[in-house]
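# Quick one: sequence plus predicted model below, questions after.
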Amino acid sequence: MKRRSGIAGVASSPVIVGAITVLVIIVAVFLAYNANSGLPFVSTYDLKARVPNANALVKGNEVRIGGSRVGVVREVAPVHLANGEIAAELSLQLDKSAEPVPVDSTMIIRPKSPLGLKYLQLVPGDSSEGLEAGDTIPVSAARPEPVDIDQFFDIFDEPTRNNIQRNLAGFGNALAGRGPQLNEAIGALRGLVRSGQPVLATLVAPGTDFGGFWRALEDLAATVAPVAQTQAQMFVVLDRTFAAFARVSRPYIQETIEKSPPTLDTAIEDLPVMRPFFRSSQRFFAALRPGTRALGETSSTINAAFRAGIPALNRSPALFAQLPPTADALLAFQRAPGVMGGLELLTDTNKLLGPPIRFISPAQTVCNYLSLSFTNLADAFRDNNGSAHWFAATTFEGPAGPNAVSRPAAAPANGPEKKNHLHYNPYPNTAAPGQTRECEAGNVRYERNTTVIGNVPGNQGTTTSDQIKGQG
């Protein structure tokens, strides 16, 4: 009886009942508020995940596997990857029922509603190895995010909307007033569909591999996708090109197309006839090839010849004007009495003088002896030593001894005294035909205590400009 009165006393106290009610409400609100973050005193399976872009994923968003909620996102923070890029690191608090998540699992951020709410979807892999608590799902496991409804509507920007309006206006103008034609076209479609059924049956047959065609087309599109900008520029350039063609299409291109068939007919008739000419031209150019190669090597010389020849050709008319009277004078001279006889005597004289002249001329052309003789002769009359000119005679006493050069002798002077040696070369080499090419006179070194008669051994060279004056 006393226990019942105690319980009734507590229940009859409005203060205690109100306090208990408030406490229960506070606990319920607290649990409800933290329900998304996990209930207290409940063990969890914590992981980290890295994605290239959190894409509006925030703290408290759900984590789902197969559409069922298995946890929440506790934190979203930016991180630096090893390659220098910036990614988002998600701290995941999962239920113990989801443990373990396979290591080859993937993840994708998906929209929860059209209003922009997101959640993280985990797609478990097939690996038998699971992630330990605290492990990180790498960024390579993140898959591309699906297109949101707001991103879809973003394609309809102001320029796109204006273009759509212009297209609708153009289509409306194109279809306006063409109801009968459209009805006829729709009526003709029935026959088209009936006739197209066999074609479609053939296309969908397994042997045609129509699906392979679309897969190949997809691969082709993927191949050309990196050069889409280049292709777009190509179409812009093609538009300019065809616009230029359009400006000359009438009458030029039209006339070209009209005249092309008769031109081709004429070419078909004439080309076989011209074939021998082409063969001859081929042989001609083959034979001309060495000459053109040599012409390229001598082009500089030919260029110099043209430069020198142009002034000469400019002055040649005056020369050509003088040639006729000169030729007339030569003809008159030839016809004069005694001219031919004189020319014959002159020819015989040249024949007789030719060998001596060829033999004597090197003495001047090679050794310059004639010029040196006159130079030395002039110096003999001009130079002096203060007492007399070099041309003056001087008496001196020759060396004594047997066969001395100063008195009659039975043999050439050959000593034994040092000064009693004969040096005599009556016929020195002058580079004449049959002789050594050297200028011996004036170039022979005086050999002391030696008798030298005739040509000296060795080649004395052809330089005579430095020889001692007066030794000609």
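Cool, the structure landed.

# Spit out the contact partners of the closest residue to residue 89 other than its chain neighbours.
Leaving aside its chain neighbours, residue 89 sits nearest to residue 79 (4.5 Å; criterion: C-beta to C-beta, 6 or more residues apart in numbering). No exception for glycine: its C-beta is placed from N, CA and C like everyone else's. Going by C-beta atoms under 8 Å, 6 or more residues apart in numbering, residue 79 touches 50, 86-89.

# change it to 10 Å
Residue 79 makes contact with 48, 50, 85-89, 136, 139, according to C-beta atoms under 10 Å, 6 or more residues apart in numbering.

# The stretch 101-250 of the chain: strands as residue ranges?
Counting by DSSP state E, counting those that start in this stretch, the stretch 101-250 of the chain has strands at residues 106-111, 118-123, 136-137.

# export these to CSV and tack on mean pLDDT?
Converted to CSV, the strands of the stretch 101-250 of the chain look like this (pLDDT from 0 to 100):
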stretch, mean pLDDT
strand 106-111, 86
strand 118-123, 88
strand 136-137, 88
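
# Sheet partners, orientation included, of the helix or strand where the residue nearest to residue 89 lies?
Secondary structure assigned from DSSP states H and E places residue 79 in strand 68-80. If you go by DSSP bridges, strand 68-80 pairs up with strand 62-65 (antiparallel), strand 86-94 (antiparallel).

# Quick one, which of those strands gets closest to residue 177.
Checking the strands paired with strand 68-80 against residue 177 by C-beta to C-beta gives strand 62-65 as the closest, at 56.3 Å.

# where's that closest one relative to the chain centroid, distance-wise?
57 Å (C-alpha atoms, centre = their mean, to the nearest Å).

# Pull the residues that contact that strand.
36, 47, 49, 68-74, 90, 92-95, 97-98, 101, 105, 107, 110, 112, 117-124.

# Report the backbone C-alpha coordinates of it in PDB.
C-alpha atoms of strand 62-65 as PDB (Å, rounded to 0.1, in the frame of the first residue of the first chain):
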ATOM      1  CA  GLU A  62      24.800  10.300 -47.300                       C
ATOM      2  CA  VAL A  63      27.100   7.500 -48.300                       C
ATOM      3  CA  ARG A  64      25.200   4.700 -50.100                       C
ATOM      4  CA  ILE A  65      25.900   1.200 -51.400                       C
END
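
# For the remainder of this discussion, apply numbering that starts at 8.
In the new numbering, first residue 8, that becomes strand 69-72.

# Could you list the buried residues of that strand?
Neighbour-count burial for strand 69-72, with 16 or more other C-beta atoms under 10 Å as criterion, is recorded at 69-72.

# after the helix or strand where residue 262 lies, next one along is what?
Assigned by DSSP H and E, residue 262 falls within helix 261-304. Following helix 261-304 in sequence order, the next helix or strand is helix 306-342 (DSSP H and E).

# quick one: that following helix to chain centroid distance?
Averaging C-alpha positions (C-alpha atoms, centre = their mean) puts helix 306-342 52 Å from its chain's average.

# now the angle between helix 261-304 and that helix, please.
70 degrees (axes from the mean of the first three to the mean of the last three C-alpha atoms, to 10 degrees).

# Report the mean per-residue pLDDT for helix 306-342.
Per-residue pLDDT values over helix 306-342 give a mean of 88.

# Stretch 21-40 too?
Mean pLDDT, computed over stretch 21-40, is 68.

# Likewise for stretch 191-198?
Regarding stretch 191-198, the rounded mean pLDDT is 86.

# Do a quick rundown of the helices in the stretch 8-157 of the chain.
Along the stretch 8-157 of the chain, counting by DSSP state H, counting those that start in this stretch, helices occupy 9-18, 21-40, 156-161.

# ditto for the stretch 358-479 of the chain
According to DSSP H, counting those that start in this stretch, the helices that the stretch 358-479 of the chain contains are 369-372, 376-389.

# worst average pLDDT in those helices?
The bottom spot among those, by mean pLDDT, belongs to helix 376-389, with a mean of 78.

# any idea how far it is from the chain center?
Helix 376-389 sits 71 Å away from the centroid of its parent chain (C-alpha atoms, centre = their mean).

# which other helices and strands contact that helix?
Packing partners of helix 376-389 (3 or more C-beta pairs under 10 Å, 6 or more residues apart in numbering; DSSP states H and E): helix 369-372.

# Next, the buried residues of the helix it packs on.
369-370.

# Over to stretch 93-109?
94-97, 99-102, 105-109.

# Return the alpha-carbon coordinates of that stretch using CSV.
Taking Å, rounded to 0.1, in the frame of the first residue of the first chain, the C-alpha atoms of stretch 93-109 are listed here in CSV:
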residue,chain,number,x,y,z
ILE,A,93,44.4,19.7,-55.9
ALA,A,94,41.7,17.2,-55.0
ALA,A,95,39.1,16.8,-52.2
GLU,A,96,39.5,14.3,-49.4
LEU,A,97,36.3,13.0,-47.9
SER,A,98,36.2,11.6,-44.3
LEU,A,99,33.5,8.8,-44.4
GLN,A,100,31.8,7.4,-41.3
LEU,A,101,30.2,4.1,-42.3
ASP,A,102,28.2,1.5,-40.4
LYS,A,103,30.0,-1.6,-39.3
SER,A,104,27.6,-3.6,-41.5
ALA,A,105,29.5,-2.2,-44.6
GLU,A,106,32.9,-3.5,-43.4
PRO,A,107,35.0,-4.4,-45.2
VAL,A,108,34.8,-2.4,-48.5
PRO,A,109,36.8,-4.2,-51.2
